[in-house]
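Undergrad: no sequence on this one, just coordinates:
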Ligand SMILES: [Zn+2]
């Protein structure tokens, strides 16, 4: 990164000479673009020459950065991630779903401390930043205060959610005690304490872990309280066929979770519906009419859930974005990998609908939208993030394509989806500040976090009594 600075203060930054993929409503791409950042916002964007002639002499505290042969994008938005599960990477590979949940993940999560949550979020955040993410939606963890501390330090933007359950079989004792009132009260307190903190980078959402762990009273009070506070709700929806069977039996509806949520009038435009794999056409209609947003997590779906009808959802006008899910469901927390997988899996899935695969399904520009502006709409923040436009927050990802993995670039938009690797992301800015520069995380010591994470992870497994069996002939 070549930088010229006229002052130690960075109140205005001009980046020029870069290809800029704006993801704005006109899908503008500037081959040789420039962008002006003042404090935390984008002040101007356009052709490099126009930007330089207009701004390079007028600003006082000016930093000019020449990013020739780089590509600039809006920061990616990961709309479903369990930051608290990062220290559990690799504890539940190749096991069935019930072993995954009851014998690995619940014991792990219920044995975490707030400091573990802080460390886990730091580790997860480092990986998110390396993959060009500037904003994420937490799927629900035990200690929002620990997560908030890490997000504030890393410089990221996030919608944080507590893990919420008020009923269910086989829950760890400490979780089984929670009443519906406790669940709502605790989230209102977290909202009071953390919403709109860290220079406005942190928002607090309401959580519903999943329908098998929620009473209808919890669902409805969550809906009402989130509406009053004008915030969102993050819920796992229609993950496995058993979930729909459970709902059919317990709630006496014809299909499954989405049908029940429609019936009790829970579906609203502030609902972030994660996974949403086992839905039929009628239910896709319910989601679309209510303006529900869907987070598609392709890697996690392939590991445990199944093929989600993403093309059908997009065709019906549903806003679909991308998530990684947690480390024990995916292992890789890279939205770059998820873009690649989302495109391939949904092309291949067409074989079930049409009897042949369809290479034109979910093209690269659709996938890029899912990773950026659709992500912003999903987290209810598209008035400020998701595209590079005047007046929006300066959340920017810088890609360096001149490596063995991306050269040659003939079609920039498709190369970003099909060729780009996480390692091609070199710098990341959030809220007008660099949080990774030339692959170095700016606000924490990455090496120290890795060391502490290894130690804390072993201690949690020991406390939780989880042991991972050997594979192959370990000597
Ligand atoms: Zn999840």
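TA: Now that the structure is in, tell me what you want to look at. Remember, it's a predicted structure, so these values are computed and weren't measured experimentally. Numbering: from 1, shown residues only.

Undergrad: how many other residues sit next to residue 407?
TA: Look at residue 407: counted by other C-beta atoms under 10 Å, it has 10 neighbours. For the C-beta atoms, the positions are set from N, CA and C on the backbone; glycine is no exception.

Undergrad: That one in helix, strand or coil?
TA: Taking DSSP: H, G, I helix; E, B strand; the rest coil as the rule, one finds residue 407 in the coil state.

Undergrad: got the contact list for it?
TA: Residues touching residue 407, when contacts are defined by C-beta atoms under 8 Å, 6 or more residues apart in numbering, comprise residue 401.

Undergrad: distance of it from residue 417?
TA: Using C-beta to C-beta, to the nearest Å, one gets 16 Å for the distance from residue 407 to residue 417.

Undergrad: And the residue of the chain found nearest the ion, its phi and psi?
TA: Among residues of the chain, the one nearest the ion by C-beta to the ion turns out to be residue 139. It sits 4.2 Å away. Its backbone dihedrals place residue 139 at phi -80, psi -10, with angles given as degrees, to the nearest 10.

Undergrad: hang on, it packs against residue 159?
TA: No: taking C-beta atoms under 8 Å as the contact criterion, residue 139 and residue 159 are not neighbours in contact, 10.2 Å apart.

Undergrad: which residues are in contact with both of these two?
TA: Each of residue 234 lies in contact with both residue 139 and residue 159 under the rule C-beta under 8 Å, 6+ apart.

Undergrad: More neighbours: the two, which one.
TA: Looking at residue 139 and residue 159 with other C-beta under 10 Å, you find the greater number of neighbours at residue 139, namely 28 against 24.

Undergrad: pLDDT wise, what is that one at?
TA: What the model reports for residue 139 is a pLDDT of 97.

Undergrad: roughly how far apart are it and residue 27?
TA: When distances are taken as C-beta to C-beta, residue 139 and residue 27 turn out to be 30 Å apart.

Undergrad: Residue 89 too?
TA: Residue 89 sits 36 Å away from residue 27, going by C-beta to C-beta.

Undergrad: So these two - more neighbours on which side?
TA: More neighbours surround residue 89 than the other of residue 89 and residue 27, with 22 against 14 (other C-beta under 10 Å).

Undergrad: show me the contacts for residue 294.
TA: Residue 294 sits next to 273, 274, 276, 287, 308, 313, 318, 319, 320, 321, 378 when contact means C-beta under 8 Å, 6+ apart.

Undergrad: Name the SS class of it, please.
TA: Per three-state DSSP, residue 294 ends up strand.

Undergrad: Please apply the same query to the one 10 residues further on.
TA: Reducing the assignment to helix, strand or coil with three-state DSSP, the entry for residue 304 is helix.

Undergrad: That one: what's it in contact with?
TA: 97, 100, 239, 240, 329.

Undergrad: any idea how far residue 293 is from the third one?
TA: Applying C-beta to C-beta, one obtains 17 Å for the distance of residue 239 from residue 293.

Undergrad: next one: residue 338
TA: When distances are taken as C-beta to C-beta, residue 338 and residue 293 turn out to be 16 Å apart.

Undergrad: so what's residue 27 closest to, chain neighbours aside?
TA: Nearest in space to residue 27, with sequence neighbours left out and distances taken as C-beta to C-beta, 6 or more residues apart in numbering, is residue 365 at 7.0 Å.

Undergrad: For burial, what's the neighbour tally of that neighbour?
TA: Residues lying near residue 365 (other C-beta under 10 Å) number 15.

Undergrad: confidence score at it?
TA: 98.

Undergrad: Kindly report the residues of the stretch 251-400 of the chain close to the ion.
TA: With C-beta under 5 Å from the ion as the criterion, the stretch 251-400 of the chain meets the ion at residues residue 325.

Undergrad: Strands of the stretch 251-400 of the chain, residue ranges please.
TA: With DSSP state E, counting those that start in this stretch applied, the stretch 251-400 of the chain shows strands at 271-275, 293-296, 319-322, 396-399, listed in chain order.

Undergrad: export these to a markdown table and tack on mean pLDDT?
TA: Formatted as a markdown table, the entries for the strands of the stretch 251-400 of the chain read as follows, by pLDDT from 0 to 100:
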| stretch | mean pLDDT |
| --- | --- |
| strand 271-275 | 98 |
| strand 293-296 | 98 |
| strand 319-322 | 98 |
| strand 396-399 | 98 |
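
Undergrad: Ranking those by mean neighbour count, which comes first?
TA: Scoring those by mean neighbour count under mean count of other C-beta atoms under 10 Å gives strand 293-296 as the most buried, with a mean of 28.

Undergrad: Regarding the residue minimising distance to the centre of the chain, what is its secondary structure?
TA: For the chain, the residue sitting closest to the mean C-alpha position, by C-alpha atoms, centre = their mean, is residue 78 at 1.7 Å. With three-state DSSP as the basis, the three-state label of residue 78 is strand.

Undergrad: Contacts only, for it.
TA: 128, 133, 135, 136, 137, 322, 323, 324, 333, 335, 338, 375.

Undergrad: Hmm, the second one is touching residue 75, no?
TA: Yes: with contacts counted by C-beta under 8 Å, residue 133 reaches residue 75, the gap being 6.5 Å.

Undergrad: for the stretch 51-200 of the chain, what spans make up the helices?
TA: Secondary structure of the stretch 51-200 of the chain (DSSP state H, counting those that start in this stretch): helices located at 97-98, 106-110, 114-130, 144-154, 173-176, 180-194.
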